[in-house]
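In: Sequence and computational prediction follow.
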Amino acid sequence: MLGEKSTTEIHRAENSQGVPKLKEDSSAGGKIAGDARKALEKKLKRRVVTRDNYLTQTESRKRLSR
């Protein structure tokens with residue numbers, strides 16, 4: 001969610017137009033989210049995203065339909 005929100009705000013602030021610029025914005029938003037995750041994992045001294053807590057597409061859809 002942080003990556004999506006970051007990307008949206010970058011896009012709005014820079015009024016990005018065209019696919020190349022939008023790709024840059026999405027990369028920047030993803031980097032912000034990735035850096036935040038790494039900082040959190042460093043602080044907690046454990047991984048936040050693991051195989052055990054990662055939902056596959058099918059499981060995600062099952063939970064949404066409940």
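Out: Great, that's in hand.

In: and Thr50, how many neighbours?
Out: By other C-beta atoms under 10 Å, the residues close to Thr50 number 8. From N, CA and C alone the C-beta is placed, and that goes for glycine too.

In: In three-state terms, how would it be classified?
Out: Under the three-state scheme (DSSP: H, G, I helix; E, B strand; the rest coil), Thr50 adopts coil.

In: how many other residues sit next to Pro20?
Out: Neighbour tally, Pro20, other C-beta under 10 Å: 9.

In: Name the helix or strand for it, please.
Out: helix 19-44 (DSSP states H and E).

In: Sort out which residues of that helix are buried, please.
Out: Across helix 19-44, burial judged by 16 or more other C-beta atoms under 10 Å covers 25-26, 28-29, 32-33.

In: Give the other helices and strands that that helix contacts.
Out: Secondary-structure packing of helix 19-44 (3 or more C-beta pairs under 8 Å, 6 or more residues apart in numbering; DSSP states H and E): helix 2-14.

In: what's the helix it packs on in contact with?
Out: 16, 21-22, 25-26, 28-30, 32-34, 36 (C-beta atoms under 8 Å, 6 or more residues apart in numbering).

In: Now pLDDT and distance to Val48 too, for those, in JSON lines please.
Out: Converted to JSON lines, the contacts of helix 2-14 look like this (pLDDT from 0 to 100; distance: C-beta to C-beta, whole Å):
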{"residue": "Ser16", "pLDDT": "90", "distance to Val48": "29"}
{"residue": "Lys21", "pLDDT": "94", "distance to Val48": "30"}
{"residue": "Leu22", "pLDDT": "93", "distance to Val48": "28"}
{"residue": "Asp25", "pLDDT": "94", "distance to Val48": "24"}
{"residue": "Ser26", "pLDDT": "94", "distance to Val48": "21"}
{"residue": "Ala28", "pLDDT": "96", "distance to Val48": "21"}
{"residue": "Gly29", "pLDDT": "95", "distance to Val48": "18"}
{"residue": "Gly30", "pLDDT": "95", "distance to Val48": "16"}
{"residue": "Ile32", "pLDDT": "96", "distance to Val48": "16"}
{"residue": "Ala33", "pLDDT": "95", "distance to Val48": "12"}
{"residue": "Gly34", "pLDDT": "95", "distance to Val48": "11"}
{"residue": "Ala36", "pLDDT": "96", "distance to Val48": "10"}
